[in-house]
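K.L.:
Okay, here's the prediction I keep looking at, along with the sequence it came from:
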Amino acid sequence: MLKYLLKRIIWIIPTLWFITSVVFILSKLIPGDTFSSEENASTGNLQQDREAYQHYLRRTGQDVPLFYVSLHTLAEPDTLYRLFSVQEYSLAKRMIWQYGNWPAIASYMEKLRVLQQHIRSSTLLLPDKKTISAQTDALWQTSKPEQIQRLFSKLEDQLDSVPSTNLLRDNLQAAEKAFVTVTSTQSPYLNFIPALSWHGVQNQYHQWIKGLLRGSLGESYRDARPVVEIISEAIFPTLLLTILTVLIVFSLAILLNIFIVHEDFSAWRKPVLTVLYMLDTVPVFLIALLLLIFLASGDSLNVLPVYGLGDTSTDEFWLQSLLVYVYYLLLPALCLSIANLPYVTVQLYQAMQETATSDFIITARAKGVMEIGIVARHILRNALLPLITLFTGFFPALLGGALVIEVIFAIPGMGSLLVDSILARDFPLILGIVLVLAFIKVMSHIVADMLYYLADPRVRF
């Protein structure tokens with residue numbers, strides 16, 4: 001048994017590495033920009049925006065390639081990740097696919113940046129500046145030659161109609177010439193020739209793995225706090241809520257099954273199972289709403305708190321703080337318990353019914369053994385192995401349900417943290433949460449193996 005457990009524990013490492021590596025790669029391939037937030041709003045100065053963006057990339061470790069190697073076409077440079085924004089990156093990708101000559105495309109984009117910056121810093125009247133800036137911004141949205149030429153013509157007419165400087169006209173002409181070079185030297189066939197670039201250990205994945213081996217999950221994109229610190233603050237309410245729910249669900253499921261399997265109460269079996277089947281169709285958010293109305297509303301019983309975890313002082317004894325948390329988590333735990341009780345009860349009932357038809361149970365009843373002893377000592381005990389199997393998948397799944405309940409009841413746990421991190425595109429925090437949930441899932445299987453052995457020492461692995 002010990003040898004088997006050690007083998008399973010060793011297998012945890014590659015399993016967690018694979019899961020988190022997949023999530024890491026996918027998080028980097030999701031389109032969008034993690035820099036586009038209120039705290040990183042544009043200053044109106046293109047150079048300052050670029051410097052702020054570069055500083056942000058260095059702070060978050062995104063100023064290096066994604067992986068050790070990159071597979072791309074011969075038309076694409078291996079430094080495309082250095083572009084300032086998603087807008088520039090998207091335009092570069094479209095123009096590379098259409099024209100294939102990166103040096104000319106890079107020169108054209110640089111001329112557009114210069115033109116854009118000079119328009120922003122010009123002394124044009126505000127209405128004229130807005131109109132011209134809108135036309136310039138539109139150049140970043142298209143790679144089609146007819147649209148670009150039309151925008152250039154509009155810009156020329158607008159600059160001629162306002163008292164603009166020669167510098168703006170020169171910048172516009174330079175951008176037009178650069179685009180003519182792009183179209184005249186295009187080589188789209190390069191997009192069909194593959195190329196492989198080696199980046200060495202200076203890449204995002206290597207930095208992430210190094211931090212993981214040191215016990216660091218990186219820093220949050222939002223507030224630069226360590227991810228481990230943020231998760232450690234949020235995991236306790238989630239685990240406490242999950243443990244409370246497990247205790248309630250399995251206790252009620254065992255008691256209900258002892259009741260309905262008992263021959264003396266067989267008349268109650270069908271009504272109880274019918275109610276459970278009906279309850280299983282009710283969504284968890286509706287159960288939460290009903291419990292809030294009947295148990296936490298001022299117009300009804302109002303015996304349980306509605307949201308949060310209450311106020312606990314650091315000077316309080318730990319048991320006192322724990323009791324406060326349990327009191328505030330009782331309503332969410334009850335909601336989760338009602339939502340999951342039908343499934344667990346029915347699964348356990350089927351296992352106990354299968355055992356109840358065994359020969360040794362029939363023999364025990366024929367010998368006059370008390371029914372409660374048969375159910376509690378024989379039927380329930382032999383149904384423990386299916387119950388353990390049920391627990392293995394139930395506990396991680398319950399964590400997923402707890403994430404939803406935490407959002408409904410405003411509990412500052414892993415669920416609220418996950419939702420906030422997804423909305424903020426805080427990928428280091430998302431990776432950390434996925435790693436913790438994957439670890440709990442894997443550990444639940446190991447705990448199940450240990451429980452199998454304790455329930456039946458004859459089990460061999």
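P.N.:
Received, thanks.

K.L.:
remind me which residues of this structure are low pLDDT?
P.N.:
1, 31-46, 84, 164, 297-300, 310-317, 456-461 (pLDDT under 70).

K.L.:
helices or strands up against the longest helix seen in it?
P.N.:
For the chain, the helix reaching the highest residue count under DSSP state H is reported as helix 318-356. Under the contact criterion of 3 or more CB pairs under 8 Å, 6 or more residues apart in numbering; DSSP states H and E, helix 318-356 touches helix 227-261, helix 269-279, helix 284-295, helix 384-408. To be clear about C-beta, it is placed using only N, CA and C from the backbone, and glycine gets the same treatment.

K.L.:
what angle separates it from helix 284-295?
P.N.:
Calculated by axes from the mean of the first three to the mean of the last three CA atoms, to 10 degrees, helix 318-356 forms an angle of 120 degrees with helix 284-295.

K.L.:
Can you give the contact residues for the helix or strand encompassing Leu159?
P.N.:
According to DSSP states H and E, Leu159 maps onto helix 145-160. With CB atoms under 8 Å, 6 or more residues apart in numbering as the test, helix 145-160 has contacts from 128, 131-132, 135-136, 138-139, 142, 168-169, 172, 175-176, 179, 183.

K.L.:
wait, which of the helices and strands packed on helix 318-356 is closest to Ile440?
P.N.:
helix 384-408 (6.0 Å; CB to CB).

K.L.:
pull the CA atoms of the helix holding Leu159 into PDB?
P.N.:
What follows is helix 145-160, C-alpha atoms only, in PDB (Å, rounded to 0.1, in the frame of the first residue of the first chain):
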ATOM      1  CA  PRO A 145      -4.800  49.000 -50.400                       C
ATOM      2  CA  GLU A 146      -8.000  50.700 -51.700                       C
ATOM      3  CA  GLN A 147      -9.200  51.600 -48.200                       C
ATOM      4  CA  ILE A 148      -5.700  52.900 -47.200                       C
ATOM      5  CA  GLN A 149      -5.400  55.000 -50.400                       C
ATOM      6  CA  ARG A 150      -8.900  56.500 -49.700                       C
ATOM      7  CA  LEU A 151      -7.900  57.400 -46.100                       C
ATOM      8  CA  PHE A 152      -4.700  59.000 -47.300                       C
ATOM      9  CA  SER A 153      -6.700  61.100 -49.800                       C
ATOM     10  CA  LYS A 154      -9.100  62.200 -47.100                       C
ATOM     11  CA  LEU A 155      -6.200  63.200 -44.800                       C
ATOM     12  CA  GLU A 156      -4.600  65.200 -47.600                       C
ATOM     13  CA  ASP A 157      -7.900  67.100 -48.200                       C
ATOM     14  CA  GLN A 158      -8.400  67.700 -44.500                       C
ATOM     15  CA  LEU A 159      -4.800  69.000 -44.000                       C
ATOM     16  CA  ASP A 160      -5.300  71.300 -47.000                       C
END
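
K.L.:
residues of that helix that come out buried?
P.N.:
Neighbour-count burial for helix 145-160 flags 148, 151-152, 155, 158-159 (criterion: 16 or more other CB atoms under 10 Å).

K.L.:
Then stretch 90-98?
P.N.:
Buried residues in stretch 90-98, defined by neighbour count with 16+ other CB under 10 Å: 91-92, 95-96, 98.

K.L.:
do the same with stretch 23-33
P.N.:
Within stretch 23-33, the residues scored as buried using 16+ other CB under 10 Å are 23-24, 27.

K.L.:
Same question for stretch 233-243.
P.N.:
For stretch 233-243, a neighbour-count test (16+ other CB under 10 Å) marks 234-235, 237-238, 240-242 as buried.

K.L.:
Which residues does stretch 403-422 contact?
P.N.:
Under CB under 8 Å, 6+ apart, the answer for stretch 403-422 is 220, 230-231, 233-238, 241, 284-285, 288, 306-309, 328-329, 331-332, 335-336, 399, 402, 426-427, 429-430, 433, 436-437.
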